[in-house]
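In: predicted structure and sequence below. I'll ask about it afterward.
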Amino acid sequence: MYKSFEDLEVYQAAIVFTGKVYVLLKKQPLKSDFAMVDQIRRATISISNNIAEGFERETDKELIRYLYFSKGSAGEVRSLFNVMLEINYFEKEELKEYKNEVLNISKQLANYIKFVKKRMV
C-alpha cells in the first residue's frame, strides 16, 4: 500500500515528464507561441496534480475520478504534440520520445485505475 502520492511510480514519471516538457518549451518556434506554451504547461502539470489530488481525497471512488482527469490531461498533451507537428514547430522524430513518454504515463494510469477498481470489490 502506498503511503503518499509521491510513492506512486506514475506520479514520479509525470513529474520527470513535466521537467522534460519545460525544457522543450524553451525551443523556438514554440517558445514564442505563448498560448501554446501556456496550454501545454497547464495540461502537463495537470497530470501529476490530479494524481496528487485524487490520492489525497482518501476514497477510491474519488481517486479513480481524478486518475481519469489525469489520463485526460495526458491525452490533451498528446493532442497538443500532434498540433505542433501539424504546424511544423518540430519534426516527428523530435517529439517521438515525448509522445512515447506521455503514452506510457497514460498506460500506467489505466493500470492503476484497474488496480484501484479491483480493490474496491
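Out: That came through, no problem.
In: quick one, longest helix in this protein?
Out: helix 92-120 (DSSP state H).
In: just checking, residue 21 touches residue 44?
Out: Yes. Using CB atoms under 8 Å, residue 21 is in contact with residue 44, at 4.8 Å. C-beta here means a position set from N, CA and C on the backbone, and glycine is covered the same way.
In: overlap in contacts of the two?
Out: Jointly contacting residue 21 and residue 44 under the rule CB atoms under 8 Å, 6 or more residues apart in numbering are residue 77.
In: so which of those two has more stuff around it?
Out: residue 44 (26 against 22; other CB atoms under 10 Å).
In: for the more buried one, give me the pLDDT.
Out: With respect to pLDDT, residue 44 scores 98.
In: if we can go back for a sec, so which other helices or strands are in contact with the longest helix of the chain?
Out: Counting by 3 or more CB pairs under 8 Å, 6 or more residues apart in numbering; DSSP states H and E, the packing neighbours recorded for helix 92-120 are helix 9-24, helix 34-56, helix 60-86.
In: can you list the buried residues in it?
Out: Neighbour-count burial for helix 92-120 flags 95, 98, 101-102, 105-106, 108-109, 112-113 (criterion: 16 or more other CB atoms under 10 Å).
In: what's the mean pLDDT across that helix?
Out: 96.
In: could you give the angle of that helix to helix 9-24?
Out: Here helix 92-120 points in a direction 160 degrees away from that of helix 9-24 (axes from the mean of the first three to the mean of the last three CA atoms, to 10 degrees).
In: next, the contact list for the nearest residue in space to residue 53 that is not next to it in sequence, please.
Out: Closest residue in space to residue 53, ignoring its immediate chain neighbours: residue 66 at 5.3 Å, by CB to CB, 6 or more residues apart in numbering. Listed by CB under 8 Å, 6+ apart, the contact partners of residue 66 are 50-51, 53-55, 57.
In: in the residues you listed, which residue is surrounded by the most others?
Out: residue 51 (30 neighbours).
In: hmm, it is touching residue 10, no?
Out: Yes. Judged on CB under 8 Å, residue 51 makes contact with residue 10 at a distance of 6.4 Å.
In: give me the common contacts of the two.
Out: In contact with both residue 51 and residue 10: residue 109, using CB under 8 Å, 6+ apart.
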